[in-house]
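> From the sequence below, what's the structure:
(chains A and B)
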There are 2 protein chains.
Amino acid sequence: MVSSQPPSTSPVSKPVAQVRYELLTLGDELLLGLTANTHLTFIGQQLGRHGVQLQRNITLTDAAAAIVAQLRESWARADVVITTGGLGPTCDDRTREAVAEVLGQKLVFDPETERAIADRFEKFGRKMTPNNLKQAYKFERGEVLPNANGTAPGLWVEQDGKVLCMLPGPPNELHPLFTEQVLPRLAQRGLLLDHEAYVQLRTAGVGESALEHKLQPVFDRQGDALEVAFCAHAGQVDCRLSSPSGRLSEAQLQQIAAECALLLGEDFVCFGHDSLAQTCADLLRASDGMLAVVETATGGMLADAFTNICGAAKFFAGGCVCYTHDAMSQLLDLPEDILLQHGAVSAESAVALATGAAEKLGANHALAITGFAGPCSGSKAENPVGTIFLALYSPQGVWAKKLSYPGPRAMVKQRAVNAALDWLRRELLRARSGECMTSRRLGSMQ
Amino acid sequence: MVSSQPPSTSPVSKPVAQVRYELLTLGDELLLGLTANTHLTFIGQQLGRHGVQLQRNITLTDAAAAIVAQLRESWARADVVITTGGLGPTCDDRTREAVAEVLGQKLVFDPETERAIADRFEKFGRKMTPNNLKQAYKFERGEVLPNANGTAPGLWVEQDGKVLCMLPGPPNELHPLFTEQVLPRLAQRGLLLDHEAYVQLRTAGVGESALEHKLQPVFDRQGDALEVAFCAHAGQVDCRLSSPSGRLSEAQLQQIAAECALLLGEDFVCFGHDSLAQTCADLLRASDGMLAVVETATGGMLADAFTNICGAAKFFAGGCVCYTHDAMSQLLDLPEDILLQHGAVSAESAVALATGAAEKLGANHALAITGFAGPCSGSKAENPVGTIFLALYSPQGVWAKKLSYPGPRAMVKQRAVNAALDWLRRELLRARSGECMTSRRLGSMQ
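All right, here's what the predicted structure looks like:
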């Protein structure tokens, strides 16, 4: 599937680096902010990991006139146009008709799709309403991409030296359709590469401008062959290295990234896309560590970060979300005295919570987060909204630290979780290098 | 701020219903799917709640040429253009220069902004690197929107009968800037309304096509004055009613929505935007209920849904995330026999978990979710990946049910959480109407 020249079967006669991808995401619910545009995230990521970058994403209303105008424009400018949404059974789903108009094609009824829809309703014991039949129309010169997880199939057209791919909106239908049918089709036609579009370094605990300043000497040596981009999110900054001109090979980009990582020391998290929780999980697994967590303000978000990792039971014992003093005493045998004297939002309680969670859950590492995420909490002058206490329990000891974050509740929660994960990551790293130093020292003494 | 005609101070000479808003979100990280486009969600929602709908959102790369071309197009088509991102200190932030070119304006250095940036670095005890000074440039004919939470301020321009508003990318900077400075400015200029752009009904437990089929008779009576849109997400379907022609008043839309709600019975969740967890929280508060939760597969997501609600301590005692049998026995005194005989993923264990959580946490309601979220779990043939057991504990009794969801891990988790919340919601509703019926019966007997 790797080739700078398209195979003879390709509808697009361009080298892959010049192929322009555009994504049209349809739906008023996106423009009204009622649904997150996860299609951009998913499709952009999938294409990026196959060496191509979306040039543009346009989100527009369900109005047929707007769809026709935008599709005309995108069809003129891009080589591969992907649309999402508007294929469903209800009256606001008008994409099929609008697209047929632009392509100068007719819609034809597809009995096979009708059968698939009817089977699906029967399988789930639901009655098929007549409005579902509009989903059985396809383009006269086009293909159907069967949808195993929903009623509306995807549609595929090759015409005018271009590709049009239309996908249903629900993510649980779109994701498997994209990975199992669309990606292989694009690869077959020479429209993808077999490596990522960039090399990424993840960092934590260092600001965006300070990071650039630190790495600038490395970048300067490459001149304008190297393209650098930064992306900050909730206490982490990612740095992407690429070479759009192709003057630096993937191996050279990796070499530059390795140099940057060395300069950053502990602030370097990983190459690629692993989350902080994944990095901690890898370090825990490598040292046979077992983690417990306990949370107040972040209410399950820290536990959730770990349990998103497949096979979490191997390093994650469990967690408690305590919203009352009673819950803390009952679940973790926390001494009432500490809570009464210092309050739940204190370094003392954080340490007691972490220790209690480790002991109760039989773990050798524990994280505790307690605090006021706001906006309707934060009782005392010394602990206003945004005050967070973290505690870390490890075989080396137990510590607490106080942090303070501005911003809305969701942001305070995310930053607190990331700070806790980053602290655990650094502790696990130090323990690992401490072990190595010990064994090396012992080795040299023999 | 409500007026169909713009005030004399408005730069845009159109009635508010015709004002076209476009949002340009800049950043390769969005197109590569590395960051979710939360700006669209946030800004679209804020505008929608003030009666106007974004016409289009375009996400494009950081390349200066692409920004110039797109801005020219948007500036010609729209009345209010909002941009996000590209104002930061690093080399990939090129928006200011590109915009100056399109507007035919010069960038001038603003000493006040320089001072604010320097103060910020001093406050946090960090060293200001020289690349930060590029953030101190503003348009010669334009204003600065001070940024209390970051270094790059927003920029505001009124020119050619249009408004351009440029905002920094980090959400914790953009959100307060938008609500505290941008919305009031738009309202002052007569570019917003004082009610939402639509009336929304949330439903649960009914599919999109069945919902439309059920409500169609109500819709049909309104003819084409009524615009209807549906949006399905993880077991819920929202239905939005609006009247773009203005032929139906807001009161009439609310009347139609009320009729729909009546038709839907228990499947109707709420008007507006409350989450299932919020609806449960309101019902719990109204009945002095206290809830506990316990999770395996959803690992903290259920607890997190409740603790996102401010003041959750009044109805939410806490939760446990159990990833090992030990955790279940230790935290909730779960009888080992049940776990050994039936396994953690079983109706029996789900009931024992819910009961244990209620008792241990002193709650009168409890939800338990246990199951295999996949992809690397699901041990037995009868419980493949996607198998979920829910249990509900209430003063009326304790029950379990088995569910099965296709799709990736995150989707299985979200659907399991929504199913649990919807079950609790229905139980609380029934308990409430049961109480009402009892008291009414008693009343009529007196």
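> any idea whether residue A:177 is helix, strand or coil?
Following DSSP: H, G, I helix; E, B strand; the rest coil, we place residue A:177 in the helix state.
> Surely it and residue A:145 touch.
Yes: the pair residue A:177 / residue A:145 is scored as a contact, 5.9 Å apart, by C-beta atoms under 8 Å. Any C-beta I mention is one placed from the backbone N, CA and C, and that applies to glycine too.
> Between these two, which is the more surrounded one?
residue A:177 (22 against 19; other C-beta atoms under 10 Å in any protein chain shown).
> Now do the SS call for the residue nearest to residue A:118 when sequence neighbours are not counted.
Distances taken as C-beta to C-beta, 6 or more residues apart in numbering or on different chains place residue A:128 nearest to residue A:118, at 5.9 Å, with adjacent residues excluded. Classification of residue A:128 using three-state DSSP returns coil.
> contacting residues for residue A:128?
By C-beta atoms under 8 Å, 6 or more residues apart in numbering or on different chains, the residues touching residue A:128 are A:117-118, A:121, B:209.
> do the lengthiest helix in chain A and chain B meet?
When chain A is parsed with DSSP state H, its longest helix is helix A:409-445. Yes: against chain B, helix A:409-445 shows contacts by C-beta under 8 Å from any C-beta of the partner chain at A:409-411.
> List the buried residues in the worst-scoring helix or strand of chain A on mean pLDDT.
Within chain A, judged by mean pLDDT, DSSP states H and E, the helix or strand with the poorest mean is helix A:409-445; its value is a mean of 78. Applying a neighbour-count criterion of 16 or more other C-beta atoms under 10 Å in any protein chain shown, one finds A:409-428, A:431 buried in helix A:409-445.
> circling back to that earlier point, so for the residue nearest to residue A:118, what's the pLDDT?
Listed pLDDT for residue A:128 reads 81.
> Repeat that for residue A:132.
Residue A:132 carries a pLDDT value of 82.
> same deal with residue A:69?
Value for residue A:69, per-residue pLDDT: 92.
> And the host helix or strand of it, what does it pack against?
Per DSSP states H and E, residue A:69 falls inside helix A:64-77. Applying 3 or more C-beta pairs under 8 Å, 6 or more residues apart in numbering or on different chains; DSSP states H and E, one finds that helix A:64-77 contacts strand A:21-26, strand A:54-60, strand A:80-84, helix A:95-103, strand B:54-60.
> Low-confidence bits of chain A, can you list those?
Within chain A, the segments meeting pLDDT under 70 span A:1-9, A:90-93, A:376-380, A:435-446.
> Domains in chain A, by residue range?
Domains of chain A are assigned by automatic domain parsing as A:16-188, A:199-271, A:276-437.
> Residue B:158 is nearest to which of these?
Closest approach to residue B:158 among these is made by domain A:16-188 (23.9 Å; C-beta to C-beta).
> mind checking the end-to-end distance for that closest one?
By C-alpha to C-alpha, to the nearest Å, the extent of domain A:16-188 from end to end equals 12 Å.
> Could you give the separation of it from the chain centroid?
Centroid separation for domain A:16-188 versus its chain: 22 Å, with C-alpha atoms, centre = their mean, to the nearest Å.
> same check, this time on stretch A:183-201
The answer for stretch A:183-201 is 18 Å, by C-alpha atoms, centre = their mean.
> Now it: buried residues?
For stretch A:183-201, burial by neighbour count (16+ other C-beta under 10 Å) applies to A:183, A:185-186, A:189-193, A:196-201.
> Give me the subset of those lying in strands.
A:199-201 (DSSP state E).
> May I see the residues you listed arranged in TSV, with distance to residue B:74 as well?
What follows is those, written out as TSV (distance: C-beta to C-beta, whole Å):
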residue	distance to residue B:74
A:199	33
A:200	30
A:201	33
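> Of those, which ones also sit close to chain B?
residue A:200.
> Identify, from the ones in strands among the buried residues of stretch A:183-201, the entry nearest to chain B.
residue A:200 (7.8 Å; C-beta to the nearest C-beta).
> isn't the closest one right up against residue A:272?
Yes: counting by C-beta under 8 Å, residue A:200 does reach residue A:272; the two are 5.9 Å apart.
> So residue A:163 belongs to a helix, correct?
No: using three-state DSSP, the secondary structure at residue A:163 is strand, not a helix.
> Look at the closest residue to residue A:336 other than its chain neighbours and say how many residues are nearby.
In space, and not counting its chain neighbours, residue A:336 is closest to residue A:329: 5.8 Å by C-beta to C-beta, 6+ apart. When neighbours are defined as other C-beta under 10 Å, residue A:329 has 16 of them.
> do the same with the one 3 residues further on
Counted with other C-beta under 10 Å, the burial measure for residue A:332 works out to 25 neighbours.
> Spatially nearest residue to it, not counting backbone neighbours?
Spatially, and ignoring its direct neighbours in sequence, residue A:332 is nearest to residue A:356 (3.4 Å; C-beta to C-beta, 6+ apart).
> can you confirm that neighbour is in a helix?
Yes: looking at residue A:356 with three-state DSSP, it is inside a helix.
> for the stretch 251-400 of chain A, what spans make up the strands?
With DSSP state E, counting those that start in this stretch, the ranges of strands along the stretch 251-400 of chain A come out as A:268-271, A:291-295, A:316-322, A:365-371, A:387-394, A:397-404.
> Give the pairing partners of the shortest one; include direction for each.
Just to be clear, that refers to strand A:268-271. strand A:199-204 (antiparallel) (DSSP bridges).
> What is the distance between the partner strand and the centre of its chain?
Using C-alpha atoms, centre = their mean, the offset of strand A:199-204 from its chain centre is 14 Å.
> continuing past that strand, what's the next helix or strand?
Immediately after strand A:199-204, counting by DSSP H and E, sits helix A:208-220.
> by contact count, what packs against that following helix?
When contacts are defined as 3+ C-beta pairs under 8 Å, 6+ apart, helix A:208-220 packs onto strand A:227-233, strand A:236-242, helix A:250-264.
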